[in-house]
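*Asks:* Prediction below, plus the sequence it came from.
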Amino acid sequence: MKLGLQLGYWGAQPADNHAELVAAAERHGFDSVFTAEAWGSDAYTPLAWWGSSTERVRLGTSVLQLSARTPTACAMAALTLDHLSGGRHIVGLGVSGPQVVEGWYGRPFAKPLARTREYVDIMRQVWAREAPVTNDGPHYPLPLSGEGTTGLGKPLKPITHPLRNDIPVFLGAEGPKNVALTAEIADGWLPLFFTPRMADTYNSWLDEGFARPGARRSRADFEICATAQIVITDDRAGTLPFIKPFLALYMGGMGSEDTNFHAEVYRRMGYSDVVDEVTELFRSGRKDEAAAIIPDEVVDDSAIVGTLDHVRSEVARWEAAGVTTMLVSPRSAAEVEQLAGLL
């Protein structure tokens, strides 16, 4: 089991302590540092900025949104950061949802699995640099031709030779088909709301992908980097309420009322009634009430809150469930050191 620092994405203002957290993570043996994006700050700029002060930790995105960049643009950014970091980059990708894809990026959301497959294939062509990059698929045709084009598009190879011709690609997947695709074409999985209680279910989805012809990895060399809220405290009852607003946002406020992939994760966990009630309250503007009605057991399914002994035993349970890296979000350098002491 390894630890990764999850910096996430910015809120209304940039965080003021990320330099301190990154330095502490590098100093105390964390394996990686990850950044994210939604519809505000991007993931690559802070990852490059903070990563420039490190020498050892891997630098990952959890996650880049596919619709924010063409696959060749994403491959260019990845090979650039991989060079600058000496081969420490991990490309974490996700499809997001129709609210963001069509409302923010102005791109169609249809066929997310097929789009993901094409996107990753094109990026790997760029990094392999074996031939000019082409794609016959319907989502990212290269070169582009037909009505409205000049007809002058030309297949190209990247000018810059990548440092590595096979940069790791992790996928942020939540549904069974997407998780199976991840096991088939990716090097790792980035679950946002992971629960060890459903390890057998996850394994069945992953095994489907591993069994497909041409699968890149097996369980032996596939990474599972799960985001986890870990809080070491003697005041468990007083801490849980601070986590519930985050869950309420993702359960009731992300996506549309009838298309919310994060909410579906909690439905699969068995909390459909909770999801319905949280969604109704959240979308009627009663966000505090939406958070308050979330039972403690829902928090416990995807977070670890309690004494040092409790946290240590739960981390072992997550490891036994297949997690190879826990992506954590400590609030201070002291918490980074405390979490590092667990492992």
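*Replies:* Arrived safely, thanks for sending.

*Asks:* How many residues are close by Ala77?
*Replies:* If you count neighbours by other C-beta atoms under 10 Å, Ala77 ends up with 21. Any C-beta I mention is one placed from the backbone N, CA and C, and that applies to glycine too.

*Asks:* Spit out the contact partners of it.
*Replies:* Listed by C-beta atoms under 8 Å, 6 or more residues apart in numbering, the contact partners of Ala77 are Tyr44, Arg69.

*Asks:* quick check, it in a strand?
*Replies:* No: applying DSSP: H, G, I helix; E, B strand; the rest coil, one finds Ala77 to be helix, outside a strand.

*Asks:* Walking through the stretch 201-343 of the chain, point out its helices one by one.
*Replies:* In chain order, the stretch 201-343 of the chain shows helices spanning 236-248, 261-268, 272-283, 287-292, 296-302, 308-320, 333-340, with DSSP state H, counting those that start in this stretch as the criterion.

*Asks:* How about Phe246, nearest residue that isn't a chain neighbour?
*Replies:* The shortest distance from Phe246 to any residue other than its chain neighbours is 7.7 Å, reached at Gln229 (C-beta to C-beta, 6 or more residues apart in numbering).

*Asks:* Which pLDDT does the model give that neighbour?
*Replies:* Reading off the per-residue confidence, Gln229 sits at a pLDDT of 92.

*Asks:* One more: Ser256?
*Replies:* Looking at Ser256, its pLDDT reads 65.

*Asks:* secondary structure class for the nearest residue to Leu79 once chain neighbours are set aside?
*Replies:* Spatial nearest neighbour of Leu79, excluding adjacent residues (C-beta to C-beta, 6+ apart): Pro162 at 4.3 Å. Assigned state for Pro162: coil (three-state reduction, three-state DSSP).

*Asks:* and Pro162, how many neighbours?
*Replies:* Look at Pro162: counted by other C-beta under 10 Å, it has 20 neighbours.

*Asks:* give the contact list for it.
*Replies:* Residues counted as contacts of Pro162 (C-beta under 8 Å, 6+ apart) are Leu79, Asp82, His83, Val126, Trp127, Arg129.

*Asks:* Kindly provide the distance from Gln13 to Met254.
*Replies:* Plainly put, Gln13 is 21 Å away from Met254 if you go by C-beta to C-beta, to the nearest Å.

*Asks:* any idea which of the helices of the stretch 201-343 of the chain is most buried?
*Replies:* Among the helices of the stretch 201-343 of the chain, judged by mean count of other C-beta atoms under 10 Å, the one packed with the most neighbours on average is helix 261-268 (a mean of 20).

*Asks:* for the protein, which spans come out with low pLDDT?
*Replies:* Across the chain, the ranges flagged by pLDDT under 70 are 256-258.

*Asks:* Tell me which residue is most central in it.
*Replies:* Taking C-alpha atoms, centre = their mean as the criterion, Ser62 is the residue nearest the geometric centre of the chain, at 3.3 Å.

*Asks:* I figured that residue was touching Phe34, is that so?
*Replies:* Yes: applying C-beta atoms under 8 Å as the test, Ser62 and Phe34 come out as touching, 4.1 Å apart.

*Asks:* shared neighbours of those two, which are they?
*Replies:* Gln6, Gly92, Cys225, Leu327.

*Asks:* Which of the contacts of Pro162 sits closest to Ala73?
*Replies:* Val126 (9.9 Å; C-beta to C-beta).

*Asks:* Need the three-state assignment for that closest one.
*Replies:* Counting by three-state DSSP, the backbone at Val126 sits in helix.

*Asks:* coming back round to it: out of Gln13 and Met254, which sits in the more crowded spot?
*Replies:* Relative neighbour count places Met254 above the other of Gln13 and Met254, with 18 against 7, counting by other C-beta under 10 Å.

*Asks:* Pro176 against Asp207, yeah?
*Replies:* No: counting by C-beta under 8 Å, Asp207 is not a contact partner of Pro176; they are 11.3 Å apart.

*Asks:* picking that back up, now for the shared contacts of Ser62 and Phe34, which sits with the most neighbours around it?
*Replies:* The member of these that has the most neighbours, counting by other C-beta under 10 Å, is Leu327 with 30 neighbours.

*Asks:* The residue nearest to Phe246: neighbouring residues, count only.
*Replies:* Count around Gln229 with other C-beta under 10 Å applied: 17.

*Asks:* doesn't Leu3 fall inside a strand?
*Replies:* Yes: assigned with three-state DSSP, Leu3 falls within a strand.
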